[in-house]
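**Student:** model the following, please.
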Amino acid sequence: MNSLGLFALLLAVATLLGIINYRTLKLPLAIGILLFSMLISLVVVLLNPLFEGYDLQEVPRSLLGTINLPRTLLDGALSFLLFAGAMQVDLGMIVSRGKAVAALAIVGTSLAVALLAVPVWFIFPVFGLAVPFSWCVLLGAMLAPTDPVSVVGMLRRLGLPPSLQATFAGESLFNDGVGVVIYGTMIGMATGDIASVSASDFILRFLVEAVGGGLFGAFTGWLAVTLLRGVEDAQIDLLGSLALAAGTYSLANGLHMSGPIAVVVAGMSLASKAGHRAITPQSREEMVGFWNLIDEILNALLFLLIGFELLEIRPHLAPFLMMVVAIPLSVLVRGASVFLCTIPVQLQPGERGRALGLLTWGGLRGGISVALALGLPAGELRDTLLPVCYGVVVFTIIVQGLSMGRVARWLYPERPSAVEVPPA
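**Tutor:** Here you go, the predicted structure:
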């Protein structure tokens, strides 16, 4: 099957599951697609032993191998998903909350990695699982970043204070790059390709990838805004935004910088005052509609693939028990990392407790975490970490995502616009 046929198949399956969800559960589109694709995967896994001599999982696994979620997401779709969220943020508000955003994205993500790695290193042996500490750090790096797709979609529907929305959105857009940098640094040690990494080496790599990526994204964003200034043609503006997203991400990765951070900064350039002056209101309206559509399509396909990736998990009791422990532990780690990194940063005067609760429960994980887990080298350790990571991701998307509206109304009852519609 060629690429176009595979894309058509995914669109058809996503549409069919979306229709089934609309006629039955009526959940938000992406979550409904995720649930039904997981259900199909579970049925295939349960029925497979009944058909001796025939592997029901062979065809879907071969298709998943062709798609290669880690490469598809990290080398392709992520650039558009991050750009779509970044270009629509309130940049002025994010800049005003810059300390909180930086603390959560950099310090908070790093703390989350450490706070999860240490306890799971002690817990794994309880279930008879021998997991080296470097692999525990990898698990922390996979689960530390929050998912910008879920979080930004959620913020569109919750009537939260603007400063808290800006903090939430800014963290989710930037912490993916930080998590990927930590993951990329540790994967060499975990696999034995690198003997050790000193603190100075890690800091240097972080500066090159994260700071370098941010500066590169600022440059490409400035260049795009400069070229588009004075052009009153919506089609050229759309082409320019597509070139900016894809070009910034791919070039940053090629220069060994953080593609996610670079494309976020580039996208934010269109949300700046210069970006608003360069693009006419009519063109911006069409551009926002176009990128919202791209976001919805890729989001639906991503959640479809996440559901079918259940077929990649080898059913074993010990990893499943570890997953059950890791789910509440991940929530506690998220709360602790948010609390510790925001001690010197006042998120909102008089509302620290409410902001802490919302930032903790709203720390949804998503496709990036699953993609990083699937990117681990094949073997027993991958088979151990993958179900743990997958279980945490699914829990945050379904349980935390579907309950965010209620949590927001409980913490902010004075804001009636805080609806119960979860992320799409």
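**Student:** residues near the residue lying closest to Asp147 once chain neighbours are set aside, how many?
**Tutor:** Closest residue to Asp147 apart from its sequence neighbours, by CB to CB, 6 or more residues apart in numbering: Gly366 at 2.8 Å. From N, CA and C alone the C-beta is placed, and that goes for glycine too. Other residues lying near Gly366 total 30 when counted by other CB atoms under 10 Å.
**Student:** got it, and Gly212?
**Tutor:** Neighbour count of Gly212, defined by other CB under 10 Å: 19.
**Student:** name the element Ser337 belongs to?
**Tutor:** helix 317-341 (DSSP states H and E).
**Student:** identify each buried residue in that helix, please.
**Tutor:** If you call a residue buried by 16 or more other CB atoms under 10 Å, then helix 317-341 has these buried ones: 319, 321-323, 325-327, 329-331, 333-339, 341.
**Student:** which other helices and strands contact that helix?
**Tutor:** helix 109-123, helix 352-361, helix 380-395 (3 or more CB pairs under 8 Å, 6 or more residues apart in numbering; DSSP states H and E).
**Student:** next SSE downstream of the shortest one?
**Tutor:** This points to helix 352-361. Beyond helix 352-361 in the direction of the C-terminus, DSSP H and E gives the next helix or strand as helix 367-374.
**Student:** average pLDDT for that next one?
**Tutor:** Average pLDDT, helix 367-374: 89.
**Student:** count the neighbours of the residue nearest to Leu358 when sequence neighbours are not counted for me.
**Tutor:** Taking CB to CB, 6+ apart as the measure, Leu358 lies nearest to Leu411, with 5.7 Å between them; neighbours along the chain are not counted. Using other CB under 10 Å, Leu411 is surrounded by 19 other residues.
**Student:** coming back round to it: between the helix holding Ser337 and helix 380-395, how big is the angle?
**Tutor:** Calculated by axes from the mean of the first three to the mean of the last three CA atoms, to 10 degrees, helix 317-341 forms an angle of 60 degrees with helix 380-395.
**Student:** the residue minimising distance to the centre of the chain and Ile279: what is the separation?
**Tutor:** Against the mean C-alpha coordinate of the chain, by CA atoms, centre = their mean, the closest residue is Asp147 at 2.7 Å. Remark: distance between Asp147 and Ile279 (CB to CB, to the nearest Å) = 28 Å.
**Student:** returning to that earlier point: just checking, the residue nearest to Leu358 touches Leu356?
**Tutor:** No. Distance between Leu411 and Leu356: 9.7 Å, which falls outside the contact criterion (CB atoms under 8 Å).
**Student:** any weak-confidence spans in the stretch 1-150 of the chain?
**Tutor:** Low-confidence segments of the stretch 1-150 of the chain, defined by pLDDT under 70: 1, 149-150.
**Student:** which parts of it are helices?
**Tutor:** Ranges of helices in the stretch 1-150 of the chain, per DSSP state H, counting those that start in this stretch, are 3-23, 29-47, 58-67, 69-72, 78-86, 91-96, 98-102, 109-123, 133-143, 148-155.
**Student:** go through those and name the closest to Leu385.
**Tutor:** Proximity to Leu385 (CB to CB) singles out helix 133-143 among the helices of the stretch 1-150 of the chain, at 5.3 Å.
**Student:** can you show me the CA trace of that closest one as PDB?
**Tutor:** Written as PDB, here are the backbone C-alpha positions of helix 133-143 (Å, rounded to 0.1, in the frame of the first residue of the first chain):
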ATOM      1  CA  PHE A 133      18.300   3.600  36.600                       C
ATOM      2  CA  SER A 134      19.200   5.100  33.200                       C
ATOM      3  CA  TRP A 135      16.000   3.500  31.800                       C
ATOM      4  CA  CYS A 136      14.000   4.800  34.700                       C
ATOM      5  CA  VAL A 137      15.200   8.300  33.700                       C
ATOM      6  CA  LEU A 138      14.000   7.600  30.200                       C
ATOM      7  CA  LEU A 139      10.600   6.700  31.600                       C
ATOM      8  CA  GLY A 140      10.600  10.000  33.500                       C
ATOM      9  CA  ALA A 141      11.600  11.900  30.300                       C
ATOM     10  CA  MET A 142       8.800  10.200  28.400                       C
ATOM     11  CA  LEU A 143       6.100  11.100  30.900                       C
END
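**Student:** show me what it is packed against.
**Tutor:** Applying 3+ CB pairs under 8 Å, 6+ apart, one finds that helix 133-143 contacts helix 109-123, helix 162-191, helix 367-374, helix 380-395.
**Student:** the same query, at a cut-off of 10 Å, please.
**Tutor:** On a contact count with 3 or more CB pairs under 10 Å, 6 or more residues apart in numbering; DSSP states H and E, helix 133-143 meets helix 109-123, helix 162-191, helix 317-341, helix 367-374, helix 380-395.
**Student:** can you list the low-confidence ranges for the stretch 151-300 of the chain?
**Tutor:** Under the criterion of pLDDT under 70, the regions of the stretch 151-300 of the chain flagged as low confidence span 152-159, 195-197.
**Student:** out of the helices and strands packed on helix 317-341, the one nearest Leu46 is which?
**Tutor:** Nearest to Leu46 among the helices and strands packed on helix 317-341 is helix 380-395 (16.0 Å), distances taken as CB to CB.
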